[in-house]
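A.B. asks: give me the fold of what follows.
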Amino acid sequence: MNYLLTTILLLIGTFAFGQDRIILQKKNNPNKHKILNDKTEYIIKTVNASYKSTIATYTDSTLTVTTFGKTGKDTIYKYNQGLKEINKLRPLYARNTIVIPFKEIQYIKKDLFNNRKWLEPFGYIGLGAGLGLVLLPVVAIDKGAAGVKEWVTFELILLAVSVPPIFIGTRKVTYNLKDKWVIMIQNSPQH
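C.D. replies: Have a look, this model is predicted:
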């Protein structure tokens, strides 16, 4: 029983603390580093292509990413809508696993915010400001120059409220591996 308990505790400790992690280390400041998460979606630009994917696996010199691409083949989906049979032609996609050597990676980009759901209200406010410009001639006819000035002020306030959060929320962080960063594997610290 003690042997089994000891083995289980050793395995849990190895899984929890002994995992390697992939990091980006600053070239001119080795103490500054960023950990690349397996679940975050990255844009990885290489010499030949660009991939938008999460990191599937990695070794000490390569990254493996999974992408979806069209196979060049199509399939027909048939379904009934009432008495009518509908045929839809859809392309087939296949999952491709691509191994990328570290030395071929030029840069890695990631979204500053993984969840952009909070930007929706600001998008609607900005859309309302754009649609409000359509009513500008109506305001000009009804209220004159003073009404137009008031309406444009209101539109500018709506834009001032909506544009900065959208600009900040859609930003991407770029790690330039040619000039500023180095990608490497680091052992996790033992606790």
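
A.B. asks: which other residues reach the biggest strand by length in the chain?
C.D. replies: For the chain, the strand with the greatest residue count under DSSP state E is strand 62-81. Strand 62-81 is contacted from outside by 22, 44, 51-58, 85-102, 105, 183, using C-beta atoms under 8 Å, 6 or more residues apart in numbering. (Each C-beta comes from the backbone N, C-alpha and C, glycine too.)

A.B. asks: how does it look with 10 Å?
C.D. replies: Under the criterion C-beta atoms under 10 Å, 6 or more residues apart in numbering, residues 22, 36, 41-42, 44, 46, 49, 51-58, 85-105, 108, 183 lie in contact with strand 62-81.

A.B. asks: filter those residues to the buried ones?
C.D. replies: For the contacts of strand 62-81, a neighbour count by 16 or more other C-beta atoms under 10 Å gives the buried set as 22, 36, 42, 44, 46, 51, 53, 55, 58, 98, 100, 102, 105, 108, 183.

A.B. asks: residue contacts, the closest residue to the fifth one other than its chain neighbours?
C.D. replies: Closest residue to T46 apart from its sequence neighbours, by C-beta to C-beta, 6 or more residues apart in numbering: E104 at 4.6 Å. Shown here is E104, whose contacts under the criterion C-beta under 10 Å, 6+ apart are 44-49, 62-63, 177.

A.B. asks: looking at these, which are in strands?
C.D. replies: 44-46, 62-63.

A.B. asks: between the residues you listed, which is closest to P30?
C.D. replies: P30 lies nearest to L63 out of these, by C-beta to C-beta, at 20.9 Å.

A.B. asks: list the buried residues in stretch 103-119.
C.D. replies: By neighbour count with 16+ other C-beta under 10 Å, stretch 103-119 contains the buried residues 105, 107-111, 119.

A.B. asks: quick one: that stretch to chain centroid distance?
C.D. replies: With C-alpha atoms, centre = their mean, to the nearest Å as the basis, stretch 103-119 stands 4 Å off its chain's centre.

A.B. asks: end to end on that stretch, go ahead and measure it.
C.D. replies: End-to-end distance of stretch 103-119 (C-alpha to C-alpha, to the nearest Å): 36 Å.

A.B. asks: ok, now stretch 42-55?
C.D. replies: Across stretch 42-55, first to last residue, C-alpha to C-alpha, it's 8 Å.

A.B. asks: hmm, who's touching it?
C.D. replies: Outside stretch 42-55, the residues touching it (C-beta under 10 Å, 6+ apart) are 22, 36-41, 63-68, 96-98, 100-101, 103-111, 172, 174-177.

A.B. asks: now it: average pLDDT?
C.D. replies: For stretch 42-55, mean pLDDT is 89.

A.B. asks: good, wrapping up.
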